[in-house]
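1. got a predicted model here, sequence first, then my questions.
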Amino acid sequence: MKSIFLSMSLFACTLLQAQTQGTLSFSFTQTAHTAYTGSKNVMAVWIQSSTGTFIKTRMRYAGGGTSDHLPTWAVNSGGTASNCMATACNKVGATTGATLTSFGTRTLTWDGTDASGNIVADGTYKVTIESCWNHGTSAKTTRSFTFTKGTAADVQTPADDANFTGIALAWNPSGAGVTETANDIIVSIHPNPSSNGVFTVDFNYAMRVSALNLAGEEVYTEDIKMNENSKIVNLSNMPNGVYFICVENGTSISKHKVVINK
């Protein structure tokens, strides 16, 4: 009986400590707040546990004159509410920059690791955005999106709100989802990002062009006619976010990340 109990305990412990490798892809479009002067804004995006414990920063845009505009992220990442530029704020591995000068589509990924580079245990996590576009509490917002990191894919398209649109979230364990690939097919795609969801795809030789969403679901496909070296891929019916345009020649597939930012 003790042996059975010990085996069950070890099995349960293994499940609790599972650490699936994978990638979280996340994209959203900031809403331009025309009621406020200008288009400058600051923003932070980071990963938290389900209970709000800091895991890792993915983006932080702010400047000396806006150092008090990201108090939630500053405190959560180890600093103080009055200074998001302090060295105590953990931004290891994050994309950082000065105060943003425009609103637009933002894309990021997370590899399932914490700020020390260790793969975190499977479970429920949150990706959180803090955005501030003017002085005062009425001109800032913080929104979190909950997802499950584990052996199964978790793909979501959360509803738009007054601050963020075209939200797309996808946790894909290793071996699932879509990644960019390049091979002997010469491909050029423009414009990218696209302001209307329409892309011109040029290639040296292809038999088929398709488009996938972050979950790997095909949202567009079209065969290529003989001697055709260009195709208009119309994704205008799709929401803002990240997609992959795939060009096939019968033996190879070339996958390229594109962004819709209407």
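-> Yes, it's here.
2. going forward, measure contacts and count neighbours with C-alpha atoms only.
-> Fine.
3. tell me the phi and psi of residue 120?
-> phi -80, psi 160 (degrees, to the nearest 10).
4. verify the stated contact: it with residue 112.
-> Yes: judged on C-alpha atoms under 8 Å, residue 120 makes contact with residue 112 at a distance of 6.2 Å.
5. for those two, indicate the residue with more neighbours.
-> residue 112 (24 against 18; other C-alpha atoms under 10 Å).
6. so the more buried one versus residue 206, what's the distance?
-> According to C-alpha to C-alpha, to the nearest Å, residue 112 stands 36 Å off from residue 206.
7. listing partners with orientation, what would you give for the strand or helix carrying residue 244?
-> Using DSSP states H and E, residue 244 falls within strand 241-248. Taking DSSP bridges as the criterion, strand 241-248 forms sheet pairs with strand 208-212 (antiparallel), strand 253-260 (antiparallel).
8. any idea of the mean pLDDT in that strand?
-> Summarised as a single mean, pLDDT over strand 241-248 is 89.
9. domain-wise, how is this protein divided?
-> 21-173, 187-260 (automatic domain parsing).
10. count the neighbours of residue 41 for me.
-> Around residue 41 there are 25 other residues, counting by other C-alpha under 10 Å.
11. the closest residue to it other than its chain neighbours: how many residues sit nearby?
-> Leaving aside its chain neighbours, residue 41 sits nearest to residue 133 (4.2 Å; criterion: C-alpha to C-alpha, 6 or more residues apart in numbering). By the criterion of other C-alpha under 10 Å, residue 133 has 25 neighbours.
12. and the gap between residue 133 and residue 43?
-> 9 Å.
13. for residue 238, same thing?
-> Distance from residue 238 to residue 43, by C-alpha to C-alpha: 25 Å.
14. how about stretch 80-99: buried residues?
-> Using 16 or more other C-alpha atoms under 10 Å as the test for burial, stretch 80-99 gives 80-85, 89-91, 94, 96, 99.
15. can I get the CA coordinates of that stretch in CSV?
-> Written as CSV, here are the backbone C-alpha positions of stretch 80-99 (Å, rounded to 0.1, in the frame of the first residue of the first chain):
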residue,chain,number,x,y,z
THR,A,80,8.2,51.6,-7.5
ALA,A,81,5.1,53.2,-9.0
SER,A,82,6.8,56.6,-9.5
ASN,A,83,9.6,55.4,-11.8
CYS,A,84,9.1,52.8,-14.5
MET,A,85,12.6,53.7,-15.7
ALA,A,86,14.4,52.5,-12.6
THR,A,87,16.9,49.7,-12.9
ALA,A,88,14.9,47.7,-10.3
CYS,A,89,12.2,47.2,-12.9
ASN,A,90,12.9,43.8,-14.5
LYS,A,91,12.9,44.1,-18.3
VAL,A,92,15.3,41.2,-19.1
GLY,A,93,14.8,40.0,-22.6
ALA,A,94,12.1,42.7,-23.4
THR,A,95,11.8,45.0,-26.3
THR,A,96,12.3,48.5,-24.9
GLY,A,97,12.3,52.0,-26.3
ALA,A,98,11.3,55.6,-25.8
THR,A,99,7.8,57.0,-25.5
